[in-house]
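> sequence and computational prediction follow.
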Amino acid sequence: MTVKLHLHLLSDSTGETLENIAKAALAQYDNVETVRHFWPMVRTEAHLDRILQEIAQNPGLVIYTLVNAATRDALEQRCHSLGLPMVAPLDPVNDALSALLGQTAKNKPGRQHVLDAAYFARVDAIQFTIAHDDGVLWEEWEEADIVLAGVSRSSKTPTSIYLANRGFKVANIPIVVESPPPETLYTLSKPLIVGLTTSPDRLIQVRRNRLLSLNQAPETSYVDQEAVTRELAYARRMFSDNGWPVIDVTRRSIEETAAAIISLFNQRGDRPGMIEP
């Protein structure tokens with residue numbers, strides 16, 4: 001039986017943190033039809049009044065990250081009068097930090113989004129990664145933090161973009177049997193080179209979906225079981241011969257794959273090896 005849930009997310013900043021918290025929590029439940037009501041940049045009581053009207057019309061769970069005391073009080077009083085459950089997920093963390101640090105939180109909206117050096121480094125990483133997708137500009141790979149190698153549709157690009165958002169400059173290169181990568185790949189010293197692999201069945205499924213989305217013929221060597229198995233074996237031999245760590249992405253999300261790569265990056269010098277799904 002499917003349960004319908006109205007989920008109201010209120011933030012006085014971009015709401016990115018709140019969305020991630022809600023997404024992580026909802027992933028633990030099945031058969032839930034979630035109707036999300038997303039309210040970022042809630043910084044005035046006038047704005048809050050308009051939001052409260054919709055909350056009253058669509059009662060559900062209210063999750064909020066509001067630091068202004070007056071705005072918080074108004075929201076909490078209204079939710080209490082409506083009998084609605086409400087959660088401020090960052091409060092326990094802030095309380096613990098205040099107790100440990102002996103400081104009071106600044107209570108300034110969007111403080112984590114200050115345009116500091118880390119922010120501009122992340123923007124630089126994203127620009128680099130987009131410019132070095134799919135084997136482009138291989139002459140500049142030495143500037144990368146990470147180089148991802150793998151056959152077509154092994155999640156190189158989305159993983160690269162995710163890592164770039166974490167501040168890593170990433171290049172990626174497709175491994176093609178008929179077209180060996182440039183020799184530069186074997187001479188890199190600065191970047192961590194990681195091979196991505198997957199199961200033949202999973203790869204064929206992804207490739208078929210790609211062909212269908214492009215209205216291309218569904219039966220080609222691109223999705224032939226024997227050809228795909230041979231292609232993956234070729235890539236694995238290349239990774240093994242060069243001592244590159246390998247991550248099997250068959251049953252991994254992009255986030256999980258990126259987390260494994262970041263762990264490898266932080267352990268430079270350890271013996272590389274296969275990371276099983």
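Received, thanks. Numbers count the residues shown, from 1 in each chain.
> hang on, Glu231 packs against Val151?
Yes - using Cβ atoms under 8 Å, Glu231 makes contact with Val151 at a distance of 5.3 Å. To be clear about C-beta, it is placed using only N, CA and C from the backbone, and glycine gets the same treatment.
> quickly list what's touching both of those two.
Listed contacts common to Glu231 and Val151 are Ile175; contacts here mean Cβ atoms under 8 Å, 6 or more residues apart in numbering.
> what is the lengthiest helix in the chain packed up against?
Determined from DSSP state H, the single longest helix within the chain is helix 225-241. Contacts defined by 3 or more Cβ pairs under 8 Å, 6 or more residues apart in numbering; DSSP states H and E place helix 225-241 against strand 146-150, strand 192-197, helix 200-213, strand 246-248.
> again, only this time at 7 Å
Under the contact definition 3 or more Cβ pairs under 7 Å, 6 or more residues apart in numbering; DSSP states H and E, helix 225-241 sits against strand 192-197, helix 200-213.
> contacts for it?
Helix 225-241 is contacted by residues Gly150, Val151, Ile175, Val177, Gly195, Thr197, Pro200, Leu203, Ile204, Ser221, Val246 when judged by Cβ atoms under 7 Å, 6 or more residues apart in numbering.
> how is the spatially most distant residue from the centre of the chain assigned, secondary-structure-wise?
The centre of the chain is farthest from one residue, Ser81, which by Cα atoms, centre = their mean lies 37.7 Å away. At Ser81 the chain is in helix, as set by DSSP: H, G, I helix; E, B strand; the rest coil.
> out of the helices and strands packed on helix 225-241, which is the most enclosed?
The highest mean neighbour count among those, using mean count of other Cβ atoms under 10 Å, belongs to strand 192-197: a mean of 23.
> okay, the angle between that strand and strand 146-150?
Calculated by axes from the mean of the first three to the mean of the last three Cα atoms, to 10 degrees, strand 192-197 forms an angle of 20 degrees with strand 146-150.
> just the residues contacting stretch 188-205, thanks.
Contact partners of stretch 188-205, identified using Cβ under 7 Å, 6+ apart, comprise 141-142, 144-150, 153-156, 223, 225, 228-229, 232, 235-236, 239, 244-250, 261, 264-265, 268.
> low-confidence ranges in the stretch 101-250 of the chain?
Within the stretch 101-250 of the chain, the ranges that satisfy pLDDT under 70 run 105-116.
> give me the phi and psi for Phe38.
The phi and psi values for Phe38, taken as degrees, to the nearest 10, are phi -100, psi 120.
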